[in-house]
Structures are given as structure tokens and as C-alpha cells.
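> Dropping the sequence and predicted coords here.
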Amino acid sequence: MEEIILEFQNVKKHFKGSQSIRNGTAPLVKAVDDVSFQIRKGKTFAVVGESGSGKTTMAKMIMKFEELSEGKILVKGTDISTLKSQELKTYRKNVQMVHQDPTSSLNPRKTIREVIEEPLIVHKYGNADARLEKVRRLIEVVELPESYINRYPHQLSGGQKQRVGIARAIALNSELIVLDEPTSALDVSVQSKIIELLNHIQQEFHLTYFFITHDLALVRNFADYAIVMQLGQLVEQGGVKDLFERPQNDYTKRLLRSIPVLSLAEQDYLERITK
Amino acid sequence: MSEKLLEIKHLEISFKTDEGIIPTIKDVSIHVNKGETITVVGESGSGKTVTVRSILGLVPAPPAIYTTGEIMFEGKDLLKASDENWRTIRGSEISMVFQDPMTALNPVFTIGDQMANIYLYQGKKSTHSKLAKRKKNLRKDADARSLELLEKMSLPNPAALLKRYPFELSGGMKQRIIIAMALIKTPKLLIADEPGTALDVTVQASINSELKRLVAEEGISMIYITHNLSVARQLGERTYVMQYGRVIEEGPTDEVFLNPKNQYTKDLIKALPRII
Amino acid sequence: MSNADTAVKSISNNKKMLKRLFKNKMTILGLIIVLFIIFCAVFASVLAPYPEAATGSIDFAKMNLKPSSTNWFGTDEIGRDIFSRVIYGTRYSLLMGVVVITIAVVIGVPLGLIAGYWGGKVNSIIMRVTDVFLAVPSLILAMAVAAILKPNLMNSMIAISFGWWPWFTRLVQAETLKIKNEQFIISSEGIGASKWRIAFFEILPNCLPTIIVKISTDIGFVILTGASLGFLGLGAQPPTPEWGTMISEGRNYLPTVWWPSTFPGLAILVTVLGFSLLGDGIRDAFDVRM
């Protein structure tokens, strides 16, 4: 059995709601309400939910953009709330993120080379030559022509920009990659290619994916394991096959029923399993 | 039933940009029959939005250059319509629902005010209709129509909703209200440009089914734009597929999906992730 | 398969911007004026027909002569050729503009970046100090500082800088606030980049367009302020041919002997106009693309 890369133990995140003039107390918003799960190395773990489900908050906590209110998050067995400056930097080396919107996640005033190089510079990877070599290799891995390293983001299409985002995320040989709806801002024809690329590099570099999405059809084809989040609570979890053959929770069934499908066969199938 | 309501004939539009004149819409012909719903499917850059916006004259002529083509609506060419004509057409004969519900409503007016404004002033040749201002009971009529439509869009407690401001409402509610607003004047043609893509899947699904039901009930023709093939399959009787400013495939929806002839259409269908 | 993965734009943004810059006739006029001023400053010793006029020659025989073919702008009260002095004046004005703006940028921009990005107490302290400097009208402030220090060109430049850096701080702080919530900044934070690195290498380049526009429009107004100080006797002292000082010297002879004050005044007008037009043009050229 592979090691456990990421573990959530009874994780809770509360936000203070806005104060209303009439009541003195501010209501608590339970963004993440007692969530526990484990992810093993090399697997793709999908978090499915709509807006307000808490999936984005969970990603932020893993990336340490937000602190937990209660519970523990363990990465490779270490409680991430105990990490201090140097350890924190090492942590950031090992956990990287691919963002939803490829356009806004790249600095418009940097060349592609500078974008991919940044993590290498921050974590002091070799000298300028070594970095350039690494950037070249990464560009190749994400299937973009080498000449692109001197271009600016606005000169690339959405799909190409996302490939750059992926190159940047794997630059430091991180083990855990958080993917925040990486294809939802892209055209359908491009989506499948990006997913192919993600599959390919996962196998090559033995990566573990924490994959946030609202697209269940994508989950079916891409993920090994999935959890369904509703208003901060984990309402169902299981292997993807099980989820699609025997969904238990009503909300899961509702999500399944709203997948727009192309063929009548798929439509019948969904109706059958969500009865 | 096969009488054409709107027909775009050989439309060609170019845009003047810093890089020169770029042909964007190339020889596009699309028509909608009375009482019919058609879908226009395409990815970003396919030209679907520019095409339908030109129906309502929303593509300003510089920087756009309308080289050739006509858009025939009830015997008149919309491309040659005057500003005056447009005031009677927009909102009352042809209505449009836009993509983003978050910014489509004016934040400083209540829902009731905004909907009443459409009932009272939309379609009038002059924007200052003194008659409407003097008669206060016309507002009552307007509110009655607003309530009727809000109920049809399955919105809870419509009477209270009229007094709300947009910021108090969720995205799904706003999108439903926008659709209701587009239907106040019972237009002959409704153009829906990817409504609800910014919203959750469950919300989208219910909005789409309500929309379908409503236009069927009121006998309204609809042009529904989407990049999602499966949605197109569920909504339209005929489908047009656009790529790079051209219509590359068209026909009855089932035909297009079961027997695609163009390679791009085939690729699009293949790219959709399957459930089983 | 449709190649939706192919590159979209090929012309770089910078080329597009230059094209737009040169389309505007007013901008070209401004550019010509600015280049001309710079040209005069560099080649003053060659262009001025009476170079000694700039260094304090005295010739009472040629006192207050009307503009003529020998003295295009006439002579002043001690017989110096005004045209030569105006030409030499370009040096002092340009020096003023460049030095003051440089000081203002070097102090103001980093303060604005730090205030905007670090936020919290740091932001409060920096912005309140900035507010204090902004509360005093810049000319009054410059006068006060110049009065404390000995009145000369160098000190007048320092005095003006006192009142100028806060504007840059405000501008950059506002831009930083906008930019720091952008996704690419957050992703850099996720990579583990230090705050200093992000502030100066990620945020600052994105502020550059606004800063450049401000620099180009401000140079003209710095020159105007500098001339005002000179006029008040708080700047360059006679016999230095600084335009403001020259206007002051010729004041007593108005309106009959109008040329010693008028021509330096016109020079200021044209210079400020030139920089303003150029600055406006640069702003318009940036605007369209952002």
C-alpha cells in the first residue's frame, strides 16, 4: 500500500458571519464542518461540490492560505499547522497548485520562461543555466514548443496558458498537486487534452492530485476516489466506480441527475441509479 | 409552423483592430421558425455571440464592419433599422438574456421597479411617456405581470421579491428574474446567450428546464447559445454548430448528434467525458 | 482537430502601443517640443548667439534693447541677450524636472508598494505621514523649506521634492491594493516567494504604466513649480538664467519693456505644454491596451 500523502482529521473551518444590527451575536459560517479523509500517493482524489460547499476553503487550507479552526491536516504524516519558516518553505516546495483561471494566474508582465522559473528561483534551484535547462524540459513535458518560453501570456490561448500553469506547478517535483477546477475556464475540445496531459504526467512523476470540480462527468473519467461536499459537510465518499453505480446520498443523486448527457443510454443509466 | 420568424442571410462582419481588418463572421445563415427553439453551439471564438448580438444591433459599427448580409425579421432588415425602430423592437419583440446574472441587474433599484420599468417604458417610441407617468394604476398592471412571470419561473414568495434589491438575492434567483424580465412583453423571439454558465450545475439544470417549458407555453421562439453540447441536445429542435465564424454543421438536433458530418462536430462529441 | 491550442496574438503589446502613440498628432507635437527643449539644453553653448549672456556679462550700452535682428528676444536691464539666456534656461528647467521626479520616485514608489502590500499598521503609518505632506499645498511647502535652507537651485529642488513624493506613494499604494488580490500574486505566494520579492518583482512591473504616465505629465508641472520658486527669489539666484528668476528680474520694467519677462514666460508655457501633451498621449496609448 502506498503511503498516505494527505489526511484530513475532523477538520473544521469557521468564519464569523456579518453582524446584524438587531442581534448582538454574529452567526458562525461553517465553511468546512468536520471533514475527514485520506489520500494515498499516486491517486487522483476528487472533491465535488457546488458553490458554498467548502471545497475551495479546503484547498486554501492545504495551501496554507487559510488557517484551520479545529482538527488537523497531515501531509506525509506531519501536522502542517506546526510548520515554521524553513519547514514551511520546504512544505511549499512539495505542495503546488494549478489555478482555475489560466489568464489571471500568470503575471501579464512576465515571459513564460520567467513564470516557470519563479519557483526554481525562490527555492534556489541551481544557477541560471540549470534553470533554463529545467524550463526547457518542463515546456517539453507540457507539450508546448520551446520558442514559447520567450512569449508573454497574452500571446497564448487559454489551453496553452493552463499548460504553463501546470509546468510551473510541477517545476519543483512536488508530490501533491492541488487542482482547482483546472479545466472549467477552457473550451470543451481543449479540456480533454489538458486532462490527458494531467494523466500522463501523473504517471510519469508519480503525482498525487487533489482535484476540485463541479463536473461529475469529469470525475468519472479522471478520478480514483471522490468525496461529495454540501454546505461544508462531507455527505458521501467512495471509489468513483461505486459512487456512479450505487450513490447513497440524496444530494449526490441530485448532482448526478443534473449532469447534461449526450446519449439516451447515459440518460437512462442516470435515471436508474438515482432512483 | 415552418414560417420563418427571423432569418440571418449570408451575414459577414469584420472588425477593425490594431492588427488590421479581421473577418470574424463569414457567410453565416441561420433562421428560426415561429414557435421553434434552435441552439447555436460553438466554443470561444466561434462567433456565436457576435452573430446573435448583431440581431439586436448590439455590435456597434465602428469597430465592426458589416460587409454583406441581411437579418430579416417580419419582412424588415434589422441591419438597416433606425434607432427609433430599435426602441420598439428591443425588449418587446426580441428579447435577450445574457450570460452573467451578477451584473445584469441595476444594483440601486428594486426588482419590482426594474420589472415595472420594462412593462411601462419598453417598446414605446419615446422614452418619456407622459401618459404612463400620470396613471398610477398602470404600475399595478405592471406589478401584476411581474408577479405572473416570477411565479412561472418558480420563484418563492414573488410579492416579497418585488421589494428586494439584487444584492440580496442568489445567482440562481437573479438569473430566473432576468429571464422573467425578458419575457414581460411576451417577445416573439428570445435570445438566450449561455444563461447560467456562471452558476452551479443543479441550478443550471433547473433553469434550463423551466426556460424550455415557459417558451413552449407562451409560443415564443428561442435561440439558445451554448458551448455545452449536451445542453444543446436537450433544448433545441434544430442545431447550428459554429467554428471560426462559420456555420459548419446544421440540421435537426438528433441528426447532428447521431450522424455528425463535419469532423469538428465529431471531435466535439468525442471530447465529452462519458458517464458509462 | 480544431487547433484551439494555437497561439492567439503575435504582435507584441509594446509595438502596438508605439503605433498608437504616433497616431495622435497632439502627442507628436508634444514629443517634438520635448525633444527640442532637450536639444537646446544639450547644445546651448552652440545655439546661443551670446553665450556670455548666460554667465553674467554686463553691457550697459545695450540696456533694454527691443527685439531686433541682432537680439531676437531683445536685451535685459544689464544688456544681456535674452534669447541666449532663454536657451541656457532649458538646462536648469530640465535639471529641475529630472532631479525632482527622480527623488520623488525613489522615495514615493517603494513607500507606496510597501504600504499597499503589507497593509495593516505599516500601511496606516505610511499613509498618514503621506497625508501630512499632502495637506500642505506643495508650493507653500516648497517655500517654507526653501526659506529655511539657503535659496539656490539645489535647495529649491529638494524643497519641491518634499511635496512631490507623496503623490507617487498614493498612486502606487492604490495600484498595489488592486493588484495584490490578483490570482498570479496569490499563486506566487503559494510558491513560497517572499513578500519583498513579490512586491518588487511582481507587483511593481504591473504598476509601471501608471507610474510612467505620471512621470511624463509631472515633469512639466515640476518645472512650473521650480520657476515659481525662482520667481519668488527662492530658487536659482541671479545671474543664473533660470526662467522664473528671469521673469522676476524683468518685472519692474513691465509693461513698456515687456520682453525680459515675457519670453521666459513663454518658454515655460511651451515646455509645460509639451510635457503635458506627451504625457496625455502616453496615457492614452497605455489605456487602450490595459
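Noted; the coordinates are in hand.
> how many neighbours does residue 162 have?
Assuming you mean chain A. 30 (other Cβ atoms under 10 Å in any protein chain shown). In short, each C-beta sits where N, CA and C put it, glycine included.
> wrong one, chain C
20.
> my read: it touches C:V145, true?
Yes - between C:F162 and C:V145 there is a contact under Cβ atoms under 8 Å: 5.5 Å.
> starting at the chain centroid, how far to stretch A:188-206?
Put simply, stretch A:188-206 sits 13 Å off its chain's centre (Cα atoms, centre = their mean, to the nearest Å).
> Which elements pack onto the helix or strand where C:M26 lies?
Using DSSP states H and E, C:M26 maps to helix C:25-42. Identification of packing neighbours for helix C:25-42 by 3 or more Cβ pairs under 8 Å, 6 or more residues apart in numbering or on different chains; DSSP states H and E yields helix C:82-118, helix C:259-289.
> Tell me if the longest one is near chain A.
No - contact between helix C:82-118 and chain A is absent, the nearest approach being 14.6 Å (criterion: Cβ under 8 Å from any Cβ of the partner chain).
> Against which helices or strands is the helix or strand following that helix packed?
Once helix C:82-118 ends, the next helix or strand along the chain (criterion: DSSP H and E) is helix C:120-135. On a contact count with 3+ Cβ pairs under 8 Å, 6+ apart, helix C:120-135 meets helix C:82-118, helix C:153-179.
> could you give me the average pLDDT of the longest one?
Per-residue confidence for helix C:82-118 averages out to 93 on the pLDDT scale.
> Okay, buried residues for that helix please.
C:82-97, C:99-101, C:103-105, C:107-117 (16 or more other Cβ atoms under 10 Å in any protein chain shown).
> Now tell me what touches whatever helix or strand comes next after the helix holding C:M26 from outside.
As assigned by DSSP H and E, the chain's next helix or strand after helix C:25-42 is helix C:44-47. Contacting residues not belonging to helix C:44-47 are listed as C:40, C:51, C:54, C:87-88, C:90-91 [Cβ atoms under 8 Å, 6 or more residues apart in numbering or on different chains].
> Same check on stretch B:194-207?
Contacts of stretch B:194-207 (Cβ under 8 Å, 6+ apart): A:50-51, A:214-216, A:254-255, A:257-260, B:97-102, B:154, B:171-172, B:175-176, B:178-179, B:208, B:211, B:225-228.
> Quick one: end-to-end distance for that stretch.
The first residue of stretch B:194-207 is 11 Å away from its last residue (Cα to Cα, to the nearest Å).
> cool, stretch B:164-174 as well?
First residue to last in stretch B:164-174 (Cα to Cα) measures 11 Å.
> And for the residue nearest the centre of chain C, nearest residue in space, chain neighbours not counted?
In chain C, the centroid-proximal residue (Cα atoms, centre = their mean) is C:I219; its distance is 1.2 Å. Of all residues not flanking C:I219 in the chain, C:G97 sits nearest, at 4.1 Å (Cβ to Cβ, 6 or more residues apart in numbering or on different chains).
> Let me see the contact set for the one you found.
So C:G97 contacts C:219-220, C:222-223, C:226, C:275 (Cβ under 8 Å, 6+ apart).
> could I get the helices and strands packed on helix C:25-42 as TSV with distance to C:K180?
Converted to TSV, the helices and strands packed on helix C:25-42 look like this (distance: least, Cβ to Cβ, whole Å):
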stretch	distance to C:K180
helix C:82-118	6
helix C:259-289	21
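> and the spatially most central residue of chain B, how far is that from chain C?
The centre of chain B sits closest to B:I191, judged by Cα atoms, centre = their mean, with a distance of 1.9 Å. When Cβ to the nearest Cβ, to the nearest Å is applied, the distance between B:I191 and chain C equals 25 Å.
> Run me through the strand neighbours of the helix or strand where that residue lies, direction for each.
Following DSSP H and E, the helix or strand that holds B:I191 is strand B:189-193. Strand B:189-193 sits in its sheet next to strand B:94-97 (parallel), strand B:221-226 (parallel), going by DSSP bridges.
> Any chance you could list what contacts it?
Against strand B:189-193 from outside (Cβ under 8 Å, 6+ apart): B:5-6, B:32, B:49, B:52-53, B:55-56, B:73, B:93-99, B:179, B:182-183, B:211, B:215, B:220-225.
> Check which element follows the helix or strand bottoming out on mean pLDDT in chain B along the chain.
Least confident helix or strand, chain B: helix B:130-134 with a mean of 56, by mean pLDDT, DSSP states H and E. As assigned by DSSP H and E, the chain's next helix or strand after helix B:130-134 is helix B:137-152.
> quick check, distance from the helix or strand just after that next one to the centre of its chain.
Note on helix B:137-152: by DSSP H and E, the next helix or strand toward the C-terminus is helix B:158-161. Put simply, helix B:158-161 sits 25 Å off its chain's centre (Cα atoms, centre = their mean).
> got it, and stretch C:37-51?
For stretch C:37-51, the distance to the chain centre is 20 Å (Cα atoms, centre = their mean).
> What's the local residue count around the closest residue to chain C within the stretch 51-200 of chain B?
Relative to chain C, the nearest point of the stretch 51-200 of chain B is B:P63 (11.7 Å; Cβ to the nearest Cβ). The tally of other residues near B:P63 (other Cβ under 10 Å) stands at 12.
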